[in-house]
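[1] Sequence first, then the predicted structure, then my questions.
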Amino acid sequence: MLMSIDSISKSYNAFPNPPAKVLHDVTLNVDTGEAIGLVGESGSGKSTIAKCMLALIKPEEGAITYDGIDVIHAKGEDLRRFRREVQMVFQDPYGSLNPRMTVEELIGEGILIHKLEPTAAARRARVAEMMEMVGLNPNDMDRYTRSFSGGQRQRIAIARALVIRPRILVCDEPVAALDVSVQAQVINLLQDMQKKLNLAIVFVAHDLAVVRHLCEKIVVLHKGKVVEQGTREQIFDKPQMPYTQSLLAAVPVPDPVVGRARRAARRLETAN
Ligand SMILES: Nc1ncnc2c1ncn2[C@@H]1O[C@H](COP(=O)(O)OP(=O)(O)OP(=O)(O)O)[C@@H](O)[C@H]1O
């Protein structure tokens, strides 16, 4: 097991009201090389879990362990290693990339911070290699991101995260801001990277359809609690909890006949 999250709870300050508890006793594990989906409606606590996993915020109760490191109390070399090996990609490919930096500077920044290449030429070569890996043209290295599409920007964000060879990539709704046609390309890229680099991916989404293709394990959240977790087959074929069933009912069905039957069944249910 690469990361374990053990019974964490988290409250936010809601002054003048008492603190609001938004995570209750959340437990989940991430294994090396696996893609895991955190799914739930807006406000269910997905981003809060992601931020705890990245040590951007600390839970008040419980423990988070990454490869022998106590994440909540990590300092010094442990914290540096953790910061290098657990990376993130955010939802908004427009807001998350500094428009004053070239693609080379954006992707190469982590190499500089972590002193991973000895020379500027070696850094540039590594950036070019990374750009090719994520389906970008290395000749675009000196350009600024303003002329790139949302999908290309998300590729830059992925390259920027992967360039320092992390072992876990936490992606918070990484395709939610993209056109539907581009979403599948970015998900395919993440899957490709997962396989090639033996990378663990934690994929946050409000929509089960998005995680179906990528994630072999799925954790369903509701009001800050894990209501169900299991393999893709368990969640999609035999969901145990009514909340998971209701999330599944909202997944669009590509087959029009099945879709029609499902809509008719739902109409009947509401009529009764
Ligand atoms: N910094 C904060 N201060 C106070 N409350 C917060 C803060 N961040 C989140 N919350 C609250 O915590 C709860 C969980 O939020 P969180 O962002 O983790 O949910 P989410 O499932 O990721 O939702 P979304 O899909 O809308 O991003 C929500 O009720 C939210 O309003």
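    Yep, that arrived. Treat the numbers as computed from the prediction; the structure is a model and nothing was measured.
[2] Pull up the residues of the protein that are close to the ligand.
    Residues of the chain lying close to the ligand (C-beta under 6 Å from any ligand atom) are 12, 22, 40, 42-48, 206. Yep, even glycine has a C-beta here, placed from its N, CA and C like the rest.
[3] again, 8 Å this time
    Within the chain, the positions lying close to the ligand (C-beta under 8 Å from any ligand atom) are 12-14, 20, 22-23, 40-51, 172-173, 204, 206, 221, 224.
[4] List the contacts of residue 203.
    By C-beta atoms under 8 Å, 6 or more residues apart in numbering, the contact set of residue 203 is 35-38, 171, 174, 190, 210-211, 214-215.
[5] Need phi/psi at it.
    For residue 203, the backbone dihedrals (degrees, to the nearest 10) come out as phi -110, psi 110.
[6] That one bridge partners, please.
    On the basis of DSSP bridges, residue 203 is bridged to residue 37, residue 171.
[7] Quick check: the gap between it and the ligand.
    Distance of residue 203 to the ligand, given as C-beta to the nearest ligand atom, to the nearest Å: 13 Å.
[8] Residue 113 too?
    Using C-beta to the nearest ligand atom, residue 113 is found at 26 Å from the ligand.
[9] Can you give me the pLDDT of that residue?
    In this model, residue 113 is scored at 93, pLDDT.
[10] Mind telling me which residue of the stretch 101-250 of the chain is nearest the ligand?
    Proximity of the stretch 101-250 of the chain to the ligand (C-beta to the nearest ligand atom) peaks at residue 206, 5.1 Å away.
[11] ok so, going back, which one among the contacts of residue 203 gets closest to residue 29?
    Comparing these against residue 29 with C-beta to C-beta picks out residue 36 as the nearest, at 8.5 Å.
[12] and the closest residue to the closest one other than its chain neighbours, how far is that from residue 88?
    The shortest distance from residue 36 to any non-neighbouring residue, by C-beta to C-beta, 6 or more residues apart in numbering, is to residue 217 (4.5 Å). According to C-beta to C-beta, to the nearest Å, residue 217 stands 19 Å off from residue 88.
[13] likewise residue 8?
    For residue 8, the distance to residue 88 (C-beta to C-beta) stands at 18 Å.
[14] what residues does the lengthiest strand in the chain touch?
    Looking across the chain with DSSP state E, the single longest strand is strand 17-30. For strand 17-30, the surrounding residues in contact (C-beta under 8 Å, 6+ apart) are 1-14, 36, 45, 48-49, 52, 59, 62, 168, 200, 202, 219, 221, 223-226, 229.
[15] Take those and keep only those in strands.
    3-14, 36, 62, 168, 200, 202, 219, 221, 225-226, 229.
[16] Just grab the bridge partners of residue 5 for me.
    Residue 5 has these beta-bridge partners by DSSP bridges: residue 28, residue 64.
[17] what about it, how many neighbours?
    Look at residue 5: counted by other C-beta atoms under 10 Å, it has 23 neighbours.
[18] What of residue 109?
    For residue 109, using other C-beta under 10 Å, the count is 17.
[19] Now the phi/psi pair for the nearest residue to residue 32 once chain neighbours are set aside, please.
    Excluding its sequence neighbours, the residue lying closest to residue 32 (C-beta to C-beta, 6+ apart) is residue 2, at 4.9 Å. Note on residue 2: its backbone torsions stand at phi -90, psi -50 [degrees, to the nearest 10].
[20] I'd say residue 2 and residue 198 touch.
    No. Counting by C-beta atoms under 8 Å, residue 2 does not reach residue 198; the two are 10.5 Å apart.
[21] Comparing these two, which residue is more hemmed in?
    Taking other C-beta under 10 Å, residue 2 and residue 198 do not tie; residue 2 has more neighbours (17 against 11).
[22] Common neighbours of residue 2 and residue 198, please.
    Overlap of the contact sets of residue 2 and residue 198 (by C-beta under 8 Å, 6+ apart) consists of residue 32.
[23] All the helices of the stretch 151-272 of the chain, in order from the start?
    Along the stretch 151-272 of the chain, the stretches classed as helices by DSSP state H, counting those that start in this stretch are 180-197, 208-212, 232-237, 242-249, 256-271.
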